[in-house]
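K.L.:
Any chance you could fold what I've pasted below:
(chains A, B, C and D)
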Number of protein chains: 2
Amino acid sequence: MPDLDAPAERALVAEWRDLLARHAATACALDRELNDRHGLGMSEFEVLERLAEHIGDGCAQLRVQELAGAVHLSQSALSRLIGRLEKDGLVERAMCDADRRGIFVSLTEAGRSRYHQARPTQREVLARTLGPLPAGTG
Amino acid sequence: MPDLDAPAERALVAEWRDLLARHAATACALDRELNDRHGLGMSEFEVLERLAEHIGDGCAQLRVQELAGAVHLSQSALSRLIGRLEKDGLVERAMCDADRRGIFVSLTEAGRSRYHQARPTQREVLARTLGPLPAGTG
DNA sequence: GCAGACTACATGCATGTGCATCCAATGCGT
DNA sequence: ACGCATTGGATGCACATGCATGTAGTCTGC
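P.N.:
Predicted coordinates for the structure are as follows:
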């Protein structure tokens, strides 16, 4: 059996706590600023960004499942998130011919515009929150 | 205005996505295993751990506010979390004489026992999930 | 000692999430 | 072509969270 206070274990716990702290700080700040300034949540922005990035690939559409992996959300949560974005006119759902059960999600003009407005805000928050490594964690 | 595709910015985004991925993977695995094997959530475990650690300080009690900072939860969420732990008999709430509006939270025997049972599980998941750094992130 | 500001915690409410499930469509075996 | 397992996505439901607010206790100024 491992000794429970081994240095390796303490380092692991410290790393986990640091990860938790950085995630909480960044996610919180991101959610607040994106919401206040652009009416977007953190995950909504991530989805818009994936869609915007994918457009560069030539095909302006992405299946729901692919997005799920990108934003670390369950399939059901992503389905509703896309529903919200669609309700706000930021994305559109379209069926795809090959797999008629699959849904293609694409950015609307409004969605592209909103994304471009929000991106500097997100980058700014990331720079502010992730940039400065917290010196003393323990 | 900054050029939006500057390397520094891309590095920032990559760091953020890595953080998100590591957090999601670890939190998800942790929640699942702690729940399956010990009936605890991730945050519940964290609270028990803080309480257990604090006992070593000589005083077996912690104010709710102090726990909030440790688990990155809102005050209301923490209040309800403590309520759940109390309902399960894992912690006890006690008033403190000095500030009668403050609440001291302390581990019960059952809580201490549960924590000691759950700790190896948590450490195991951390080692499995955080230990192997993902080599290729970009 | 009392009024008002403030602090610590609890609670009503709206919302986002995951699990289980449901529905539609595809693929496979016969 | 038909039945059955599987996949992609939507939905009912339970639950955890955050915000705003409520309640109890403390502190300051008078």
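K.L.:
quick one: average pLDDT of stretch A:69-78?
P.N.:
Per-residue pLDDT over stretch A:69-78 has a mean of 92.
K.L.:
Tell me the buried residues in that stretch?
P.N.:
By neighbour count on 16 or more other Cβ atoms under 10 Å in any protein chain shown, the buried set for stretch A:69-78 is A:Ala70, A:Val71, A:His72, A:Leu73, A:Leu78. In this view, the C-beta of every residue, glycine as well, is placed from N, C-alpha and C.
K.L.:
For those residues, give me CSV that also has distance to B:Arg100 and secondary structure.
P.N.:
Formatted as CSV, the buried residues of stretch A:69-78 follow (distance: Cβ to Cβ, whole Å; DSSP: H, G, I helix; E, B strand; the rest coil):
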residue, distance to B:Arg100, secondary structure
A:Ala70, 50, helix
A:Val71, 45, helix
A:His72, 43, coil
A:Leu73, 43, coil
A:Leu78, 47, helix
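K.L.:
What number of residues are in the vicinity of A:Gln65?
P.N.:
By other Cβ atoms under 10 Å in any protein chain shown, the residues close to A:Gln65 number 11.
K.L.:
Next up, the contacts around the nearest residue to it once chain neighbours are set aside.
P.N.:
Nearest residue to A:Gln65, sequence neighbours excluded (Cβ to Cβ, 6 or more residues apart in numbering or on different chains): A:Gln75, at 7.1 Å. By Cβ atoms under 8 Å, 6 or more residues apart in numbering or on different chains, the contact set of A:Gln75 is A:Val64, A:Gln65, A:Ala68.
K.L.:
Would you mind giving the secondary structure of the second one?
P.N.:
Here A:Gln65 takes the helix state, with states given by DSSP: H, G, I helix; E, B strand; the rest coil.
K.L.:
Per-residue pLDDT of it, please?
P.N.:
pLDDT, read off for A:Gln65, is 83.
K.L.:
coming back round to it: from the buried residues of stretch A:69-78, which is closest to chain B?
P.N.:
A:His72 (3.5 Å; Cβ to the nearest Cβ).
K.L.:
Surely A:Ala118 and A:Asp36 touch.
P.N.:
No: the pair A:Ala118 / A:Asp36 is not scored as a contact, 11.1 Å apart, by Cβ atoms under 8 Å.
K.L.:
Looking at those two, which is more packed in?
P.N.:
A:Ala118 (20 against 10).
K.L.:
separation between the more buried one and DNA strand D?
P.N.:
18 Å (Cβ to the nearest atom of the strand, to the nearest Å).
K.L.:
Give me the pLDDT for that residue.
P.N.:
For A:Ala118, the predicted pLDDT is 95.
K.L.:
what about whichever strand or helix holds A:Arg50, average pLDDT?
P.N.:
Per DSSP states H and E: A:Arg50 is located in helix A:42-55. Here helix A:42-55 scores 91 as its mean pLDDT.
K.L.:
any residue of that helix up close to DNA strand C?
P.N.:
Yes: using Cβ under 7 Å from any atom of the strand, we find that helix A:42-55 touches DNA strand C at A:Ser43.
K.L.:
So that helix, near DNA strand D or not?
P.N.:
No: judged by Cβ under 7 Å from any atom of the strand, helix A:42-55 makes no contact with DNA strand D; its nearest approach is 11.9 Å.
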